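> Please work out how this folds:
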Amino acid sequence: MTGYIAPLRLRLDAGALISNWRWLAERSGAAACGAAIKADGYGLGAAAVMRRLASAGCRDFFVSNWGEAAELEPLLEDGMTLSVLHGVREEDMAQALSSRARPVLCTAAQVARWRAANGGPCDLIVDTGMNRLGLDWRGEVATLAANLNLVTLLSHLASADEDTALNALQLSRFRAIVATVPAQRYSLANSAGICLGPDYAFDVTRPGLALYGGIASLVAVPHIRQVVWPQAQILQRRRLLEGDTIGYNATFRATRDHEVAILNLGYADGYLRAFSGRGVARSDGTPLPVLGRVSMDLMAVDVSERPDLSEGDWIDIAYDLREASAQSGLSQYELLTGLGRRYDRIWA
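The predicted model follows:
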């Protein structure tokens with residue numbers, strides 16, 4: 001709808017996004033620092049993220065599937081690369097063979113399919129312990145990779161955000177594969193992997209969560225800035241009297257008279273029921289606790305301390321990813337990627 005202004009908006013901080021990438025790039029040492037922009041740029045808008053990071057010097061981008069690649073390929077400039085992490089199905093071949101994006105081949109069948117079609121440059125992923133996508137590190141990886149025009153050989157860390165022996169084990173396995181499989185570049189580290197130190201960086205790092213303000217490691221806490229700032233408009237201000245309840249199933253009962261604001265925000269927008277009675281909104285620093293159940297499109301906050309707030313005013317939703325994760329029990333990834341389509345996304 002032309003000219004429609006939504007009652008929800010995400011204020012997106014381009015300066016914070018770029019600052020986060022630059023810190024991750026510095027932390028990556030001599031390795032190039034790329035960017036995972038799958039899932040529509042973790043919910044921020046992949047094209048907008050790609051343009052801003054490219055302007056800062058990022059040249060390597062990663063998406064999950066060819067639908068995502070098709071939307072972003074027009075933005076590729078000389079020296080930029082786009083890799084499709086889920087490889088190439090038979091259904092993808094026509095697009096992949098004519099695309100400037102590269103498949104990250106995941107299975108022996110994908111390798112055979114790409115080779116049989118005389119496919120061009122490609123990437124290859126080896127599983128070193130996550131048991132998700134990739135050729136098994138114990139298999140004949142070098143044989144399968146032979147004669148491919150292999151740009152990047154990848155693996156993925158399963159528990160880089162934890163202090164676990166699996167990290168060193170995966171590193172050891174990947175090094176063994178690197179020694180036997182020639183490629184132009186090698187890549188292992190995600191956001192948390194970058195924080196494990198230079199041994200994990202290899203030639204290209206692939207941060208995702210930390211770009212968008214997520215904290216994947218305590219090492220990153222002083223350096224990563226919040227990027228996403230949800231805001232909601234007040235639809236109605238009303239008064240609860242002592243004893244009144246609010247919301248579905250009457251989970252909140254007022255023990256005093258309350259001034260409440262009803263916001264156009266709910267679990268359909270990614271602000272899930274887990275925030276019921278736990279979440280907080282803010283206005284000029286004043287905390288406004290969430291009262292009762294978060295429903296599909298609406299929620300209530302206590303505005304007793306802010307008599308100046310009224311219908312049509314905008315308030316901030318507390319969404320520091322680390323704190324919101326602790327409040328809700330949701331992962332920081334869920335908090336980002338679950339933000340719905342009903343927000344206006346406004347870059348500043």
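> Let's check: the centremost residue of the protein is which one?
Centroid-nearest residue in the chain, with CA atoms, centre = their mean: residue 42, separated by 3.3 Å.
> mind listing what it touches?
Residue 42 makes contact with 36, 49, 208-209, 211-212, 333, 336-337 under the criterion CB atoms under 8 Å, 6 or more residues apart in numbering. The way it works is simple: take the backbone N, C-alpha and C, and place the C-beta from them, glycine included.
> next one: residue 272
Residue 272 neighbours (CB under 8 Å, 6+ apart): 294, 328, 330, 338.
> try residue 270
43, 335, 338-340 are the contacts of residue 270 under CB under 8 Å, 6+ apart.
> Greatest separation within those: which pair is it?
Using CB to CB, the pair of these lying farthest apart is 335 and 340, separated by 12.3 Å.
> The two: who's more crowded?
residue 335 (28 against 14; other CB atoms under 10 Å).
> re earlier: between the contacts of residue 42, which sits nearest residue 179?
residue 36 (26.5 Å).
> Quickly find the element holding residue 216.
Following DSSP states H and E, one finds residue 216 outside all helices and strands.
> and what of residue 125?
strand 122-127.
> what residues does that strand touch?
So strand 122-127 is contacted by 83, 85, 87, 102-106, 111, 114, 133-137, 141, 145, 148-156, 174, 177, 181, 183 (CB under 8 Å, 6+ apart).
> Moving along the chain from it, name the first helix or strand you hit.
Strand 122-127 is succeeded, C-terminally, by strand 135-136 (DSSP H and E).
> any idea of the mean pLDDT for that next one?
Strand 135-136 carries an average pLDDT of 98.
> can you give me the helices for the stretch 1-150 of the chain?
Secondary structure of the stretch 1-150 of the chain (DSSP state H, counting those that start in this stretch): helices located at 14-27, 38-42, 46-56, 66-72, 93-98, 108-116, 141-145.
> which one of those helices has the most crowded surroundings?
Stretch with highest mean neighbour count among those: helix 38-42 (a mean of 22; mean count of other CB atoms under 10 Å).
> Export only the CA atoms of that one, formatted as CSV.
What follows is helix 38-42, C-alpha atoms only, in CSV (Å, rounded to 0.1, in the frame of the first residue of the first chain):
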residue,chain,number,x,y,z
LYS,A,38,21.0,-15.6,4.8
ALA,A,39,17.5,-15.5,6.2
ASP,A,40,17.0,-12.1,4.7
GLY,A,41,20.1,-10.7,6.4
TYR,A,42,19.0,-12.3,9.7
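> Could you list the low-pLDDT ranges of the stretch 1-150 of the chain?
Filtered on pLDDT under 70, the stretch 1-150 of the chain yields the residue ranges 1-2.
> what residues go with each domain of this protein?
Per automatic domain parsing, the structural domains of the chain span 31-213, 228-347.
> could you dump these to TSV with distance to residue 23?
Below are the domains of the chain laid out as TSV (distance: least, CB to CB, whole Å):
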stretch	distance to residue 23
domain 31-213	8
domain 228-347	16
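> ok so, going back, among the contacts of residue 42, name the ones in strands.
residue 36 (DSSP state E).
> which one of the contacts of residue 42 has the most neighbours?
Most surrounded of the contacts of residue 42: other CB under 10 Å gives residue 212, at 30 neighbours.
> so can I have CSV of the helices of the stretch 1-150 of the chain showing distance to residue 203?
Below are the helices of the stretch 1-150 of the chain laid out as CSV (distance: least, CB to CB, whole Å):
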stretch, distance to residue 203
helix 14-27, 13
helix 38-42, 21
helix 46-56, 18
helix 66-72, 22
helix 93-98, 23
helix 108-116, 21
helix 141-145, 16
